[in-house]
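Chemist: take this sequence and fold it.
(one chain, ligands or ions: 1)
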Amino acid sequence: MSPPTSPLRLVLASANPDKAREIAVILDGALDGRVELLARPPEVPDVAETSDSLEGNAALKASALRAATGTGAVADDSGLEVDALGGAPGVRSARYAGPRATYRDNVAKLLSALEQAGARAPEERTARFRTVAVAILEDGRELACSGVVEGRIVDRPRGEGGFGYDPVFAPDDGGGLTFGELDPEAKHAVSARGRAFRSLAAALLAEISSPGTGDASPRSPDHGTLRR
Ligand code: IMP
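Modeler: Presented below is the predicted three-dimensional model:
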């Protein structure tokens, strides 16, 4: 039987399978079956992340997938900000060690940059992941939510879980374990992506139950719109 409100359909814009898997798990848990998530069609080309902000890049990805599919789309952009490195790698986290950098290359560059900066004590290695999650609905309404998790960069990679910088990031609420050592549920409970997408899910459900009464608004061509 159909649910009382018509289900919203959203294409998951991420081309990174590690991220897409996490987003699907987080949204499935938070949306209660009221939004249907569709996989990104493989024929859609990668979207160039040309913005200098996480929000700009997330909106670029969602907007490109909406244009390519005619369906609403959801995307995120995330970055790791390390205080001793002036906020680097930040929006350049994926390409920190070069345009074709692997996760391992990026982690190696991060550890060596901290070493060079003389940041060896845990209190000198404070950092945070920041995620901006954006949904652009089929009719152009746009929702954006952000999430942050504070933590520290540990001195060597630990754990096989997660992806990216997870083996060297220990969240403040993680009992000293890195995201690579925590199980996925424990990571999602505190991660920047978990926080951003749970907020986005709540915003989407509010928008579905009372269209137009939330903060969503049609996306204008030259600047961002709704911010939550
Ligand atoms: P993106 O631009 O959002 O695709 O992410 C940028 C880069 O940040 C990724 O390539 C990963 O290296 C890293 N990253 C993003 N999210 C996470 C995470 O949850 N854990 C660890 N690294 C992440």
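Chemist: enumerate the residues of this structure near the ligand.
Modeler: Contact residues, the chain versus the ligand (CB under 6 Å from any ligand atom): 16, 19, 76-78, 93-94, 103, 106, 129, 162-166, 179, 191, 193. For the C-beta atoms, the positions are set from N, CA and C on the backbone; glycine is no exception.
Chemist: which of those are buried? Put it as a PyMOL command.
Modeler: Listed next is the PyMOL selection for buried residues among the residues of the chain next to the ligand, using 16 or more other CB atoms under 10 Å:
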select buried, resi 19+76+77+78+93+94+103+106+129+162+164+165+166+179+191+193
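Chemist: tell me which of the residues of the chain next to the ligand fall in strands.
Modeler: Taking DSSP state E, the ones among these that sit in strands are D76, D77, S78, F129.
Chemist: in CSV, list those along with distance to G174 and pLDDT.
Modeler: Formatted as CSV, those follow (distance: CB to CB, whole Å; pLDDT from 0 to 100):
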residue, distance to G174, pLDDT
D76, 21, 96
D77, 23, 97
S78, 17, 97
F129, 12, 98
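Chemist: quick one: the residues you listed as a markdown table, columns for distance to I208 too.
Modeler: Listed next are these as a markdown table, based on distance: CB to CB, whole Å:
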| residue | distance to I208 |
| --- | --- |
| D76 | 20 |
| D77 | 24 |
| S78 | 26 |
| F129 | 28 |
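Chemist: between these, which is nearest E138?
Modeler: For those, the closest approach to E138 (CB to CB) belongs to D76, at 19.1 Å.
Chemist: specify the beta-bridge partners of the closest one.
Modeler: A133 (DSSP bridges).
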